[in-house]
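J.: Provide a 3D model corresponding to the input given below.
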Amino acid sequence: RADVLSQLSWLHEDDFAVATALLEHALAEAGDEPGRTADIHFSLSEIWTVRGDQLRSRAEAQLALADAERAGDSALLAAALAQVFLEDMLCGADVSEEQLARALDLERSVGSLLLRSSPSQVAGIWHFIEGRLDEAETALGRVLAQAEADGIEYWRAEVLLRLSRVAGRRGDAQKAADLAAEGLQIAEQLDLPRPICALLYGCAAAALLIGQADTVRELAGRGMEL
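T.: This is a model prediction of the structure:
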């Protein structure tokens, strides 16, 4: 029952209140099975990030990590370690690069994490923020290759946006535009509003670098309306 409720939450990922309620119901049904509860806490962490409550998201990530350690599931542990690192970063807390390195080692040992956040993606975000663009591009390239191998279009769109931002910071505006446009095409085919909004932002940011003012206004307007 907990598993079914968790899966239902994915079908409501753009109705955050409903998704949260389903996950909290799932948690109440899960009992003391650390693999299952870790998975639910992880999903709650992701939802609270999107809802803008970073402290609650961080707390859920820490609960996910504690349960993943008890469960001994390497894939779930890798994702939970990366999620805690990400939430620490977003909250402005001290981050542990040793923790991220451990997550990356686990990721290499298990291969695909399917729909869970990839430590390589978190590393890519961290390197981008720190201005280490070569390292960011390498890490994000790993995620893109894995998403393509697993056939997970949702993550392809997400990573193409981040690679577009790396290209834009390098000053390669046309590459940034091409990557964002590819990501937007995927997001529109998936028909998921949140990824579409994110990729419209990426396309508009690239158009701004190129100097296409009318395109920026059109793309930004579409994103704001959506």
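
J.: in this structure, which residue is closest to the centre?
T.: The centre of the chain sits closest to Ser117, judged by Cα atoms, centre = their mean, with a distance of 5.4 Å.

J.: And that one, its phi and psi?
T.: The phi and psi values for Ser117, taken as degrees, to the nearest 10, are phi -60, psi 140.

J.: do the same with Ser96
T.: Backbone torsions for Ser96, taken as degrees, to the nearest 10, come to phi -110, psi 110.

J.: list the contacts for it?
T.: Each residue near Ser96 by Cβ atoms under 8 Å, 6 or more residues apart in numbering is listed here: 85, 88. Every residue, glycine included, has its C-beta placed from N, CA and C.

J.: go with 7 Å
T.: Going by Cβ atoms under 7 Å, 6 or more residues apart in numbering, Ser96 touches Phe85.

J.: Can you report how many residues neighbour Leu90?
T.: Burial measure for Leu90: 15 neighbouring residues, criterion other Cβ atoms under 10 Å.

J.: give me every residue that touches it.
T.: Gln54.

J.: Kindly recompute the last result at 8 Å.
T.: Counting by Cβ under 8 Å, 6+ apart, Leu90 has contacts 49, 54, 57-58.

J.: Using CSV, list the CA coordinates for the host helix or strand of it.
T.: Assigned by DSSP states H and E, Leu90 belongs to helix 74-91. Written as CSV, here are the backbone C-alpha positions of helix 74-91 (Å, rounded to 0.1, in the frame of the first residue of the first chain):
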residue,chain,number,x,y,z
SER,A,74,23.7,1.3,-2.2
ALA,A,75,21.7,3.0,-4.9
LEU,A,76,19.3,4.6,-2.4
LEU,A,77,22.3,5.5,-0.2
ALA,A,78,24.1,7.2,-3.1
ALA,A,79,21.0,9.3,-3.9
ALA,A,80,20.4,10.2,-0.3
LEU,A,81,24.0,11.3,0.3
ALA,A,82,23.7,13.5,-2.8
GLN,A,83,20.4,14.9,-1.7
VAL,A,84,21.7,15.9,1.7
PHE,A,85,24.7,17.6,0.1
LEU,A,86,22.3,19.5,-2.2
GLU,A,87,20.0,20.6,0.6
ASP,A,88,23.0,21.7,2.7
MET,A,89,24.2,23.8,-0.3
LEU,A,90,20.7,25.3,-0.9
CYS,A,91,20.4,26.2,2.8
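
J.: Helices of this structure, residue ranges please.
T.: 2-11, 16-30, 34-51, 54-71, 74-91, 97-110, 119-130, 133-150, 153-170, 173-190, 193-210, 213-225 (DSSP state H).

J.: Tell me how far Leu104 lies from Ala78.
T.: 8 Å (Cβ to Cβ, to the nearest Å).

J.: next one: Ser6
T.: Ser6 is 19 Å from Ala78, where distance means Cβ to Cβ.

J.: more crowded one of those two?
T.: Comparing Ser6 with Ala78 by other Cβ under 10 Å, the one with more neighbours is Ala78, at 26 against 23.
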